[in-house]
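A.B. asks: Mind folding the following:
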Amino acid sequence: MMAIKIEDSVIMLFLFSLFEFLFFIPILIYTLIKKRNFSQYIKNLIYNNLKNKKTPIFILVSISIAISMIFIAPYIIYLSEILFLIVFGEELLQQSQENLNEFITMIQNPVDVFLIIIMCFFVIALSEELFFRGFLQDSIKSSKKWRIILSATFFSLYHLITSFNLFSIIYMFGYYFIWGIILSLEFYFCRKQLIFPILTHGLFDLITFFI
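C.D. replies: Residues are numbered from 1 along each chain as shown. I've put the predicted structure just below:
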């Protein structure tokens, strides 16, 4: 089996990204079981006190993390590549790289830019942060340390499981795991308001589309 490959217009990628809204289903089921208001639960996860004096600091931290990760990410991937090469060899490294998910699109007009912005912030970042940083950590009954670790683990597996290749998962697991840890720490630092990790996640994804 091959990984997910999309080499088409931005519209096709945008439509594919809408599957991310499936993350809302377990949240809806959870609120029904717990007899909680779904929309209020979502609102409380995203923000609960934007009038806090530290909100400008949280925004600055969110933007700084996103920009920093743009520069740090290649080094994390390079380190993963070196370690994988030492343990498994060049042939399996090439196989793992070839089986990673791949999304190639051509940005041709302002509509494409608009769709990418919507996709990055209001589809991908919103859905993934609500599930992995918000709902998952809220529903796991364990210490904060284990909630962060489990959230980052599931976050990593989600991004790699569709590669259908064990070595691809091993190769890139560390990258997504570190990214998941950072977003979780930001979530707690910003007083459990998801709007800030959403900003970081969305901005990071947006920048990667244009570099």
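A.B. asks: Count the neighbours of residue 36 for me.
C.D. replies: When neighbours are counted by other CB atoms under 10 Å, residue 36 registers 11. Bear in mind the C-beta positions are built from the backbone N, C-alpha and C, glycine included.
A.B. asks: Check residue 143 too.
C.D. replies: Residue 143: 9 surrounding residues under other CB under 10 Å.
A.B. asks: swap in residue 43?
C.D. replies: 11.
A.B. asks: So it versus residue 113, what's the distance?
C.D. replies: 29 Å (CB to CB, to the nearest Å).
A.B. asks: Could you do residue 149 as well?
C.D. replies: Applying CB to CB to residue 149 and residue 113 gives a distance of 37 Å.
A.B. asks: Quick one: mean pLDDT over whichever strand or helix holds residue 197.
C.D. replies: Using DSSP states H and E, residue 197 falls within helix 195-209. Averaged over helix 195-209, pLDDT sits at 96.
A.B. asks: Equivalent analysis for stretch 86-98, please.
C.D. replies: So the average pLDDT for stretch 86-98 ends up being 93.
A.B. asks: what sits up against it?
C.D. replies: 81, 84, 85, 165, 167, 168, 170, 171, 172 (CB atoms under 8 Å, 6 or more residues apart in numbering).
A.B. asks: In a helix, the fifth one, correct?
C.D. replies: Yes: when DSSP: H, G, I helix; E, B strand; the rest coil is applied, residue 167 is found to be in a helix.
A.B. asks: For the nearest residue to it once chain neighbours are set aside, what are phi and psi?
C.D. replies: With sequence-adjacent residues excluded and distances taken as CB to CB, 6 or more residues apart in numbering, residue 167 is closest to residue 96, at 4.0 Å. Dihedral angles of residue 96 (phi, psi; degrees, to the nearest 10) stand at phi -70, psi -40.
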